[in-house]
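In: Quick one: sequence plus predicted model below, questions after.
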Amino acid sequence: MIISIVFCTYISIIFFIGIVSYFYTQNLKDYMLGGRSLSGPIAALGAGASDMSSWLLLALPGAVFVNGLNEIWLPIGLVLGAYLNWKVVAKRLRIYTEIAKDSITIPAFLDNRFEDSTGMLRLLTAAVILIFFTFYTASGFVAGGLLFSSTFNVNYEYGMYITAIVVLVYTSIGGFLAISWIDFFQGCLMFVALLVVPAVIFNNLEGYSHIINGIDTKSPELLNPFYNISIASTLSLLAWGLGYFGQPHILVRFMATKNEKVIPQARIICMSWMSLALVGAVLTGIFSIVFFQGTLIKSPETIFIILSKTLFNPWIGGILLAAVLSATMSTASAQLLASSSAVVEDFYHKFLRKNAGSKELLITSRIIVTLITIVAVFMAHDPKSSILNLVGHAWAGLGASFGPIIIISLFWRNVNWYGALSGIIVGALVVIIWPMMKSFSPIFEVYELLPGFVLSFLAIVIFSKVFKDKNSEKSRSCLIPLKKSFNK
């Protein structure tokens, strides 16, 4: 009952923020980008919370619990990738998207950057976002179903439905501002949870020496980051960091900042939050090896939930479990909005209803959010679905399709429409086909993001050099005001 009260209070706060945001959302730009008004802290924690999702509290501790410190390469890759994304891409993307006809979505930015008169680039980009984000959103609903079924002993499907309904309501009502403000709140909650849980386990296990002895008893190799892991597996885990450059729900936070001057502050806040949160998740997994010694855990991805219920009184445990729900919802809401923007702004408005008014586009966006939610719920019906596998496939698809072209379009003046189109196609196809080839050779065991990113990058350079675009000079000239803005 107490945990139920905490959950209801938490959800009420979420709904309140969504309703307040509704009155600040007057047009499609507000709904999709918050009017480019985010402060540094809001942008930082919004990027972090929407990035980490439920896998930070469920999948990562579970993976470390099962495999030990050889999973450490994944958080290392993520920290490196996130830092480079903030350092290399954030400032340029914020300036350039405004220069490029005030683009409010990634497809619109690429369309305007390459002066695409055919519409193919925008349509392809929107399709890729929609496909992979639906997988990503489904992973969030799986996590929500597991949380409610483990906490309240309700049917998995009921828990999944509750999660989907809450996310749907505040996303469709409040749009980007609601998501950003709620993500700030949820990011703080996740941060506290990932510091408190490992600290309490550590205290319960009577300190460092007892933990080391407990792990040695079970298997000392669990503390060796190089044990039972191949070079291909290490590269695969590190390669997760490459995904940051192509994630629309993260890139849009850069675009939505009130100006480029707040980005250095946001970078410091986000990287500090992210590094400590990842350390907390890893320590939770390591300490749990000893805490659960001799206990049968059916699903390793639920150890954070079990710890929250076991180690804390119901009030604190309820808050910690709400952090799991917040991690789930922060990412799912961002992905729903990005998917909706891809359909409405980059397909409906661009090709079907060019003269559609602001009110019509807002209503259409909310309808699309609802439809995508229904599809993602259908995909998440299997409670045995691996959260990490669903996230990994979607992360790879977006990272390989968009990461290389985002980087190159901001730095290389000679890239053209042919290069952009080929890069997106190659990246998406490699991610889809690569896992199907695992039975042919050990090389295909490498995480599909790495070959997808590299081959997409090569395709962009080769096609830009081989084929000449009549708009090449025009698109190159767009970098001149960008350079002047940086000099200024």
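Out: Perfect, I can see it now.

In: Trp273: what's its closest spatial neighbour, skipping adjacent residues?
Out: Gly48 (5.0 Å; C-beta to C-beta, 6 or more residues apart in numbering). Placement of C-beta: from N, CA and C, glycine included.

In: mind checking which helix or strand the one you found is in?
Out: Per DSSP states H and E: Gly48 is located in helix 40-52.

In: Could you list the low-pLDDT ranges of this structure?
Out: 25-35, 53-54, 383-388, 469-488 (pLDDT under 70).

In: At the geometric centre of it, which residue do we find?
Out: Asp51 (3.3 Å; C-alpha atoms, centre = their mean).

In: List the residues that contact it.
Out: Asp51 sits next to Ala82, Tyr244, Gln247, His249, Ile250, Met274, Thr331 when contact means C-beta atoms under 8 Å, 6 or more residues apart in numbering.

In: Okay, and which of those map to helices?
Out: Ala82, His249, Ile250, Met274, Thr331 (DSSP state H).

In: Roughly how far does Leu276 sit from Ala420?
Out: 37 Å (C-beta to C-beta, to the nearest Å).

In: again, but for Met1
Out: From Met1 to Ala420 the distance is 56 Å (C-beta to C-beta).

In: So if I had to pick from these two, which one is more boxed in?
Out: Between Met1 and Ala420, Ala420 has the larger neighbour count (other C-beta atoms under 10 Å), namely 29 against 6.

In: list the helices and strands the strand or helix carrying that one packs on?
Out: Assigned by DSSP H and E, Ala420 falls within helix 417-433. Counting contacts by 3 or more C-beta pairs under 8 Å, 6 or more residues apart in numbering; DSSP states H and E, helix 417-433 is packed against helix 120-152, helix 387-411, helix 449-466.

In: closest to Ile99 out of the ones you listed?
Out: Ranking the helices and strands packed on helix 417-433 by their distance to Ile99 (criterion: C-beta to C-beta) puts helix 387-411 first, at 11.1 Å.

In: How far does the closest one sit from its chain's centre?
Out: Here helix 387-411 is found 10 Å from its chain centre; the criterion is C-alpha atoms, centre = their mean, to the nearest Å.

In: Phe254 is in what secondary structure piece?
Out: Counting by DSSP H and E, Phe254 is part of helix 248-255.

In: Count the residues that sit near Val196.
Out: Neighbours around Val196, by other C-beta under 10 Å: 18.

In: Apart from its neighbours in sequence, what residue is nearest it?
Out: Closest to Val196 by C-beta to C-beta, 6+ apart is Leu320, at 7.0 Å.

In: ok, the one you found to Leu69 distance?
Out: 24 Å.

In: which other helices and strands contact the lengthiest helix in the chain?
Out: For the chain, the helix that runs over the most residues, judged by DSSP H, is helix 156-204. Judged by 3+ C-beta pairs under 8 Å, 6+ apart, helix 156-204 is in contact with helix 2-22, helix 28-33, helix 40-52, helix 120-152, helix 263-291, helix 303-311, helix 314-343, helix 358-379.

In: chain center to the third one, what's the gap?
Out: With C-alpha atoms, centre = their mean as the basis, the distance from the averaged C-alpha position of helix 40-52 to the chain average is 10 Å.

In: would you turn the contacts of Asp51 into CSV with neighbour count?
Out: Output for the contacts of Asp51, formatted as CSV (neighbours: other C-beta atoms under 10 Å):
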residue, neighbour count
Ala82, 24
Tyr244, 25
Gln247, 29
His249, 27
Ile250, 25
Met274, 26
Thr331, 28
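
In: Closest one of these to Ser230?
Out: The closest of these, once distances to Ser230 are taken by C-beta to C-beta, is Tyr244, at 24.2 Å.

In: give the contact list for that closest one.
Out: Asp51, Leu78, Gly81, Ala82, Leu84, Asn85, Ile250, Gly399, Gly403.

In: My guess is the second one contacts Leu242. True?
Out: No: in this structure Leu78 lies outside contact range of Leu242 using C-beta atoms under 8 Å: 10.1 Å.

In: Which of the two has more residues huddled nearby?
Out: Counted by other C-beta under 10 Å, Leu78 and Leu242 do not tie: Leu242 has more neighbours, with 26 against 23.

In: hang on, isn't the more buried one packed against Pro451?
Out: No: under the criterion of C-beta under 8 Å, Leu242 is not in contact with Pro451, lying 10.7 Å apart.

In: between the helices and strands packed on helix 417-433, which gets nearest to Ile95?
Out: Per C-beta to C-beta, nearest to Ile95 of the helices and strands packed on helix 417-433: helix 387-411, 9.3 Å.

In: Give me the angle between the closest one and helix 248-255.
Out: 40 degrees (axes from the mean of the first three to the mean of the last three C-alpha atoms, to 10 degrees).

In: and helix 387-411, what other elements does it pack with?
Out: helix 59-67, helix 91-99, helix 106-113, helix 120-152, helix 248-255, helix 417-433, helix 449-466.

In: looking at those, which is closest to Leu371?
Out: helix 120-152 (10.4 Å).

In: residues touching Lys350, list them.
Out: Lys350 neighbours (C-beta under 8 Å, 6+ apart): Asp111, Gly119, Arg122, Leu123.

In: My read is that the second one contacts His349, right?
Out: I take that to be Gly119. No: in this structure, Gly119 is not within contact of His349 by C-beta under 8 Å, at 11.6 Å.

In: who's more crowded, these two?
Out: His349 (20 against 13).

In: That one and Thr105: what is the separation?
Out: 10 Å.

In: cool, and Ser37?
Out: 17 Å.
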